[in-house]
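Trainee: Requesting a structural model of the entry that follows:
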Amino acid sequence: MSADGRWIRPESTRKPVLGPAGARPAGGAALDGRDRATAVVRPAPTDRRRRKPGLPRVPHPPRPVLRADWLPLLAVLLVQGALSYHLILSNTAFIDEGTYIYSGYQEIAHLRHGTPVATYETFFSGSPLVYPVVVALADFAGGLTAARLLSLAFMLSATVAVHLATRRLHGSLAAFCAAAAFAALGPTQFLGALATYDAMALAVLAWAGYLAVRLTTGGGYPSLLGSGLLLALAGVTKYAALLWVPVVCGIAVLAGTGGPVRARARWRRGLLVLAVFAVAAGAAAAAAGKQYLDGFEHTTLQRAPGHDAYAYVAGEAARWVGPLLVVALLGVLAQLVAARRRGGAAWTGFWLAGLLLVAGLLAPVNQIRIHTWLSLQKHVDFGAWFSCIVVGAVLARAVLWLKGRFHVTAGIVAAALVVGPLAGVGVAQGREMFGEWSNSKEFVAALEPYVVKGDDRYLVENYNVPAYYLREQSNWQQWHDLVAVFRRDPATGRMENGVPAVQAGIAAHEWKVVVLDFTQTGDTDRAVQPTLKAAGYRVATVVKSGEHGQYTVYVAPGYDRRP
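Mentor: Coordinates of the predicted model:
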């Protein structure tokens, strides 16, 4: 390990011997002027082995050598993969997973055969033609497990991206620490096991960030175009990823060389990345149409505020990424001390570290603003990816400082005392997050005999999970949710919505199966229970749902199990 924390692979001893003008010692380092004056060039030793006359000696090709700094990264990836894979097998589909996979199948059928499809673009917080289609293909190949393994592949690639970006900025030791810190987080493990578009969006955003770093450290126009285009793809995949577009453009300004912060060359890089992103995003918006723009405004720009207190949202964010951000803050302060001592380029490093710390705060601040913790456990991981670069740098600096004053063991122990507790807490948090929804295996099995493809309609609270599992024996038009029910009265032609529409439909036996679980629409469920009884619906079965809830399955009069 060198003084700057880089693991260096020894030079190969199989390099050809240079002539007297460029002779090198056995270690491979070039001789300075004084050494050249006193060096004795020995003739190459003769090969004493017998060779057949007339056959020239064929040199052996150099053996491929694995970079030494990839081995620790491989260990991190194996641990991260094992932790997420354990979660993959631990529960049935989450409602979001069922929604995105099921919608992907519909979009594929629409693209291939023109089959009618629901207007997902009006209420999805990402394009239904990107991740849903990709994950539906994975589900078709290997079911829910394959769909979740796709997310794991995305998250592993994000870990590789943070390693590469940190290595270019701070060396291999910092890169290993950054990758280990990112893999240790509970949200990272959770997203690696959940088949939602968060993993894909985060991975694409991560590689956009890496290419921005590469642009400032020797990359050219491919890095510039790649960073801007990937930023646009991340935003299309999940609209919330657009929150970090200024961060990636800021990296293109502050990272690498180019003079002081106010230098024109630095700002030119950032503006070019922003321009590529703007052109790509504008083209996508123009091609998408009004419904996509309305959905983007409804789900992102004008998202309805929640009712969670500021303190509660902040407390949840602190529980998931708070310790990581504290370490990142220490890294920013260390860079500030270095900048005040050395000045010059160190100030650019300070501003870059501050930007990466702010990136980790964007998701909590935004959701505190709109009073909701919904999806916060996923969104905080986007910003954590950037903050891990600072964490890796400060841990590497601490290791080298302790190595120089005490022993390398002290530095390793200090880094382990930071990453180890993060991993311990992260494992517990990942299990907690993946157990927040009830196992739906028994519920789907109980509902299956009553579902058949045709004209029968089913009113099911949070229907996306059973619709996903029973997609082979039903059409999407048959399923309806209790969240937003609209009905036209056949006698008067008047439109009804909400509880009156549900009650009128039940009284007319329009829904053959009604399922209540008294969770998301508890008030509506309690309001329609007397109507179900008055209309002659009977309770077909009751399935336990978690520790405190349950699914109650009602069937219309004369409706029975399908053969």
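Trainee: show me where pLDDT drops low in the stretch 51-200 of the chain?
Mentor: In the predicted model, the stretch 51-200 of the chain carries pLDDT under 70 at residues 51-68.
Trainee: If we use 90, what do you get?
Mentor: Across the stretch 51-200 of the chain, the ranges flagged by pLDDT under 90 are 51-72, 90-93, 95, 113-123, 171-172.
Trainee: Please enumerate the helices of it.
Mentor: In the stretch 51-200 of the chain, the helices defined using DSSP state H, counting those that start in this stretch lie at 70-88, 95-113, 131-170, 172-184, 186-191, 197-216.
Trainee: quick one: which of those is nearest F443?
Mentor: Nearest to F443 among the helices of the stretch 51-200 of the chain is helix 95-113 (12.1 Å), distances taken as CB to CB. Bear in mind the C-beta positions are built from the backbone N, C-alpha and C, glycine included.
Trainee: how close does A240 sit to A158?
Mentor: Going from A240 to A158 by CB to CB, to the nearest Å gives 16 Å.
Trainee: who has more neighbours, those two?
Mentor: Neighbour count, other CB atoms under 10 Å: between A240 and A158, A158 has more, with 31 against 25.
Trainee: Can you name the residues that contact the more buried one?
Mentor: Contact partners of A158, counting by CB atoms under 8 Å, 6 or more residues apart in numbering, are 182, 188, 199, 202-203, 206-207, 385.
Trainee: please redo it, this time with the cut-off set to 6 Å
Mentor: Contact partners of A158, counting by CB atoms under 6 Å, 6 or more residues apart in numbering, are 202-203, 206.
Trainee: now swap in L532 and tell me
Mentor: Counting by CB under 6 Å, 6+ apart, L532 touches 506, 554.
Trainee: again, but for V555
Mentor: 513, 540.
Trainee: same deal with G430?
Mentor: 87, 186, 189-190.
Trainee: Pull out the buried members of the residues you listed.
Mentor: Among the contacts of G430, those classed as buried by neighbour count (16 or more other CB atoms under 10 Å) are 87, 186, 189-190.
Trainee: Give me the pLDDT value at the residue lying closest to A118 once chain neighbours are set aside.
Mentor: Of all residues not flanking A118 in the chain, W476 sits nearest, at 6.1 Å (CB to CB, 6 or more residues apart in numbering). Predicted confidence (pLDDT) for W476: 86.
Trainee: Count the neighbours of W476 for me.
Mentor: 18.
Trainee: ok, now how distant is it from L73?
Mentor: 43 Å.
Trainee: Repeat that for V213.
Mentor: Between V213 and L73 the distance is 16 Å, computed by CB to CB.
Trainee: Show me which of these two is the more surrounded one.
Mentor: Neighbour count, other CB under 10 Å: between V213 and L73, V213 has more, with 25 against 21.
Trainee: pretty sure that one contacts A255?
Mentor: Yes: contact criterion CB atoms under 6 Å: V213 and A255 qualify, at 5.2 Å.
Trainee: For burial, what's the neighbour tally of W511?
Mentor: The burial count for W511: 25, using other CB under 10 Å.
Trainee: can you confirm it is in a helix?
Mentor: No: according to DSSP: H, G, I helix; E, B strand; the rest coil, W511 belongs to no helix; its state is coil.
Trainee: May I ask which of the contacts of A158 has the most neighbours?
Mentor: Once you tally neighbours by other CB under 10 Å, L202 ends up highest among the contacts of A158, having 30 neighbours.
Trainee: Please report the confidence value the model assigns to it.
Mentor: L202 carries a pLDDT value of 97.
Trainee: residues touching it, list them.
Mentor: Neighbour list for L202: 158, 382 [criterion: CB under 6 Å, 6+ apart].
Trainee: same check, this time on G354
Mentor: Contacts of G354 by CB under 6 Å, 6+ apart are V332.
Trainee: Can I take it that it is in a helix?
Mentor: Yes: the assignment for G354 is a helix, going by three-state DSSP.
Trainee: show me the contacts for Y458.
Mentor: Applying CB under 6 Å, 6+ apart to Y458 gives the contacts 478-479, 513.
Trainee: picking up where we left off before, which of the contacts of A158 sits closest to Y463?
Mentor: Closest to Y463 out of these is L202 (28.0 Å), distances taken as CB to CB.
Trainee: Can you give me the distance of that closest one to W320?
Mentor: 14 Å.
Trainee: Equivalent analysis for G343, please.
Mentor: From G343 across to W320, the span is 37 Å (CB to CB).
Trainee: Could you check which of the two is surrounded by more residues?
Mentor: W320 (25 against 9).
Trainee: for the more buried one, what are its contacts?
Mentor: Contact analysis of W320 by CB under 6 Å, 6+ apart lists 187, 377, 380.
Trainee: In TSV, list the residues you listed along with distance to E297 and neighbour count.
Mentor: As requested, those are arranged in TSV below (distance: CB to CB, whole Å; neighbours: other CB atoms under 10 Å):
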residue	distance to E297	neighbour count
P187	27	25
Q377	25	24
V380	24	28
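Trainee: Make CSV from those residues and add distance to V276 to it.
Mentor: Compiled in CSV, the contacts of W320 are given as follows (distance: CB to CB, whole Å):
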residue, distance to V276
P187, 29
Q377, 32
V380, 27
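Trainee: quick one: which of those is nearest A275?
Mentor: Distance to A275, by CB to CB, is smallest for V380 among the contacts of W320, at 29.3 Å.
Trainee: Tell me the helix or strand right after the helix or strand encompassing that closest one.
Mentor: Under the criterion of DSSP states H and E, V380 resides in helix 376-405. Remark: after helix 376-405, the chain's next helix or strand is helix 408-434, criterion DSSP H and E.
Trainee: Show me how far that following helix is from its chain's centre.
Mentor: Centroid displacement of helix 408-434 relative to its chain, using CA atoms, centre = their mean, to the nearest Å, is 20 Å.
Trainee: can you count the residues close to I506?
Mentor: Counted with other CB under 10 Å, I506 comes out at 22.
Trainee: what do you get for the one 4 residues further on?
Mentor: Using other CB under 10 Å, E510 has 16 neighbouring residues.
Trainee: What distance do you get for it to L395?
Mentor: Distance, E510 to L395, by CB to CB: 62 Å.
Trainee: about what we covered before: present the helices of the stretch 51-200 of the chain as CSV; the columns should include distance to T552.
Mentor: Shown next, in CSV, are the helices of the stretch 51-200 of the chain (distance: least, CB to CB, whole Å):
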stretch, distance to T552
helix 70-88, 29
helix 95-113, 18
helix 131-170, 26
helix 172-184, 42
helix 186-191, 30
helix 197-216, 32
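Trainee: returning to that earlier point: among the contacts of Y458, which one has the most neighbours?
Mentor: When neighbours are counted as other CB under 10 Å, the busiest of the contacts of Y458 turns out to be Q478, with 22 neighbours.
Trainee: In contact with that one, which residues?
Mentor: Shown in contact with Q478 (CB under 6 Å, 6+ apart): 457-458.
Trainee: how far away is it from Y468?
Mentor: Q478 is 13 Å from Y468, where distance means CB to CB.
Trainee: Tell me the one among the buried ones among the contacts of G430 nearest to S440.
Mentor: Using CB to CB, L87 comes nearest to S440 of these, at 16.3 Å.
Trainee: Just to check, the closest one is in contact with F434?
Mentor: Yes: L87 is within contact range of F434, at 4.6 Å (criterion: CB under 6 Å).
Trainee: so where does A285 fall, helix or strand?
Mentor: Under the criterion of DSSP H and E, A285 resides in helix 264-288.
Trainee: Would you mind identifying the next helix or strand past that helix?
Mentor: Remark: after helix 264-288, the chain's next helix or strand is helix 290-296, criterion DSSP H and E.
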